[in-house]
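1. give me a model of this one.
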Amino acid sequence: PDGKWSFTTRRKTGLAKNGTLCMVRRISDPFVSFTDLKKRSMKIAILKERRPHETRVAATPETVKKLKALGAEEIVIEAGAGTAAAYTDDAYAEAGATIVPDAAAAVAAADIVFKIQRPMSAAEGIDEISLLRTGQTLMSPLGALNNRELVEALATRGVTSFALELIPRITRAQSMDILSSQANLAGYKAVLAAANNFGRIFPQMMTPGGTLAPARAFIMGVGVAGLQAIATARRLGAIVTATDVRPATKEQVQSLGAKFVAVEDEEFKAAETSGGYAKEMSAEYRDKQAALVAEHIAKQDIVITTALILGRKAPVLVSEDMVKTMKPGSVIVDMAVEQGGNCPLSEFGKTVERHGVKIVGPSNLPAELATDASALFARNLLNFITPMVDKETRALKINLDDDVVKGTLVTRDGQIVHPSLSQN
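-> Residues are numbered from 1 along each chain as shown. Next comes the predicted model:
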C-alpha cells in the first residue's frame with residue numbers, strides 16, 4: 001500500500017491503483033484503504049524562521065516529546081531552527097525529532113507545518129509559500145485580516161491553514177492563546193527597554209548624597225502586555241499610572257497598585273467588545289481623552305504604549321504636540337510600532353530622539369526573550385492541536401463545529417472559509 005486514493009460511488013469493494021483490495025465508502029469523497037489507514041499518522045515539520053528580527057522557534061524538545069506521545073509519527077526539524085532560542089539540534093534529536101538540512105526537506109516530509117511567523121513570499125526574498133503543497137495543514141500566525149494576498153495564495157495551493165492570532169477569547173482556549181503568552185513577555189521587556197534608555201533609576205533611593213526621586217511611568221493600553229508592564233514597572237520601584245478605554249481594566253490597574261487615568265463617561269462604559277477587545281472610540285471621546293492624557297503625560301518620565309485594534313492600524317495615542325511637552329530625557333516605548341504605531345514619531349526597529357525624548361520602536365520584543373517565548377508559544381501550539389487529534393487513529397481530525405476551529409480556520413479545500421475574509 002502506498003497511500004494512493006481510491007474512488008467510487010457504486011461499489012462497496014474495489015482495487016486501489018496498486019492492486020490492493022480495499023473497502024470504500026458510498027460517497028464521492030476520497031478515502032484510503034483500511035490497510036493504508038492503519039499506517040496514517042501525523043508528520044509535523046518545524047522550520048527555521050527567516051523573517052528579520054525573529055529568533056523564536058515553534059517547538060521545543062519538551063513539546064516534541066509531547067507531540068510524539070500525542071500520536072505524531074515523526075517530528076521533522078530543519079537544522080538550526082532552535083539555535084537562536086538556545087535549543088540545539090542534539091536536544092531535539094534526543095527528544096525524538098528527525099533533523100533535516102533545509103526547509104524544503106522538512107516540508108516535503110510533513111503533513112502539518114508549525115511556524116512562528118507567516119510564510120514568506122517570493123516578493124519578500126525567500127519563497128516559503130511555494131514549499132507548501134495541496135493537502136498540507138499550516139498552523140501559524142498569519143496576520144490573516146491584514147494579509148489578503150497570503151490567504152489567497154494558501155487557498156490557491158490547497159493548504160488548510162489556521163491563523164493562530166484569531167484564537168477566540170474563550171475560557172478553554174486560554175492555554176492556546178499565543179497573543180497573550182507573547183504579549184506578557186513583551187510587556188515585561190518593554191519596561192526593561194525603557195529602563196535601559198532612561199538616564200535615571202526607577203525607584204526612590206536615599207543616599208548620603210541626597211534622595212533620588214522615583215520615576216513616573218504611564219502605561220497606555222491595559223491588555224496583557226499593559227498589565228505586565230504595570231507590574232514590572234512597579235517591581236522596579238516606579239510610580240505607575242495607566243489608561244485604557246475599557247472600563248473593566250480600571251479594577252485590574254488598581255489591583256496592581258497603579259492609578260487609573262481615563263475620561264469615564266457613557267461611551268467609556270460601553271467601550272469593550274464581547275470578545276474582550278477595545279472598540280474604536282468616537283472622535284469626540286478621543287478628543288476628550290487626548291486632552292486628559294496631554295495634561296498627564298507632561299509629568300511622566302516613561303510612557304509605554306500598547307494599544308492595538310485587531311485587523312486595524314494602531315490608534316495614535318501620543319501626538320507630536322504631546323511629545324513636545326514631555327521632560328527632556330523622557331522615554332517612550334511604542335509597542336504598536338509594527339502596526340503603524342501609537343506615536344507618529346516612532347520608527348520600526350529604531351530608537352530615535354525627538355524634542356529631547358527618546359522614542360523606542362522595538363522590532364520584536366518577544367524574540368528578545370527567545371527561549372521563554374518559544375517555550376510558551378510551543379505549549380500554546382501543543383494545546384491547540386491536541387483536541388484535533390483523534391484518540392483512536394492518532395491522526396488529525398478537524399471538527400468544523402468546534403468554536404476554536406471556526407475562529408481560526410482560514411483556508412480549506414482551495415477556498416477561503418473564515419467568515420471575516422470569505423465575504424470580502
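2. end-to-end on stretch 202-216?
-> End-to-end distance for stretch 202-216: 8 Å, by CA to CA, to the nearest Å.
3. quick one: it to chain centroid distance?
-> In this view, stretch 202-216 has its centroid 38 Å away from the chain centroid, taken as CA atoms, centre = their mean, to the nearest Å.
4. what's that stretch in contact with?
-> Contact with stretch 202-216 is made by 195, 198, 200-201, 217, 233, 236-241, 299-302, as judged by CB atoms under 8 Å, 6 or more residues apart in numbering. Backbone N, C-alpha and C define where each C-beta goes, glycine included.
5. what average pLDDT does it get?
-> The average pLDDT for stretch 202-216 rounds to 95.
6. do the same with stretch 412-419
-> In this model, stretch 412-419 has an average pLDDT of 94.
7. what are the ranges of the strands in the stretch 51-200 of the chain?
-> For the stretch 51-200 of the chain, applying DSSP state E, counting those that start in this stretch gives strands covering 72-78, 98-100, 112-114, 137-140, 160-163.
8. run through the neighbouring helices and strands of the first one.
-> Judged by 3 or more CB pairs under 8 Å, 6 or more residues apart in numbering; DSSP states H and E, the packing partners of strand 72-78 are strand 42-46, helix 61-70, helix 89-94, strand 98-100, helix 103-108.
9. so for Glu267, which of the ones you listed sits nearest?
-> helix 61-70 (43.7 Å; CB to CB).
10. what's in contact with that closest one?
-> Residues outside helix 61-70 that contact it (CB under 8 Å, 6+ apart) are 42, 44, 59, 75, 77, 87, 91-92, 94-97, 375, 378-379, 381-382, 385-386, 389, 394.
11. apply 6 Å and report the result again.
-> Helix 61-70 is contacted by residues 75, 91-92, 95-97, 378, 382, 389 when judged by CB atoms under 6 Å, 6 or more residues apart in numbering.
12. in ChimeraX, select just the buried ones from those residues.
-> Provided next is the ChimeraX selection string for whichever of the contacts of helix 61-70 are buried by 16 or more other CB atoms under 10 Å:
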select :75,92,95,97,378,382,389
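13. ok, the contacts of helix 61-70 vs Leu150, which is closest?
-> Distance to Leu150, by CB to CB, is smallest for Ala378 among these, at 22.8 Å.
14. could I get the contacting residues of that closest one?
-> 59-60, 63.
15. how far does the single longest helix found in the chain sit from the chain's center?
-> Longest helix in the chain by number of residues (criterion: DSSP state H): helix 178-197. On the basis of CA atoms, centre = their mean, helix 178-197 sits 14 Å off its chain's mean C-alpha point.
16. buried residues in it?
-> For helix 178-197, burial by neighbour count (16+ other CB under 10 Å) applies to 178-195, 197.
17. then stretch 53-63?
-> By neighbour count on 16+ other CB under 10 Å, the buried set for stretch 53-63 is 54-61, 63.
18. so who does Gln117 touch?
-> Counted by CB under 6 Å, 6+ apart, Gln117 has contacts 49, 51, 54.
19. which is the next helix or strand following the longest helix of the chain?
-> Toward the C-terminus, helix 178-197 is succeeded by strand 205-207 as the next helix or strand (DSSP states H and E).
20. and Pro419, which of the helices and strands packed on strand 72-78 is closest to it?
-> Proximity to Pro419 (CB to CB) singles out strand 42-46 among the helices and strands packed on strand 72-78, at 27.5 Å.
21. and the closest one, what other elements does it pack with?
-> With contacts taken as 3 or more CB pairs under 6 Å, 6 or more residues apart in numbering; DSSP states H and E, strand 42-46 sits against strand 72-78, strand 112-114.
22. most tightly surrounded among those strands?
-> Each of the helices and strands packed on strand 42-46 was scored by mean neighbour count; the highest is strand 112-114, a mean of 24, by mean count of other CB atoms under 10 Å.
23. what lines up beside it in the sheet?
-> strand 42-46 (parallel), strand 137-140 (parallel) (DSSP bridges).
24. pull the distance from it to the chain's centre.
-> Distance of strand 112-114 from the chain centroid (CA atoms, centre = their mean) equals 16 Å.
25. just the residues contacting it, thanks.
-> Contact partners of strand 112-114, identified using CB under 6 Å, 6+ apart, comprise 42, 44-46, 58, 137-139, 381.
26. thanks a lot, catch you later.
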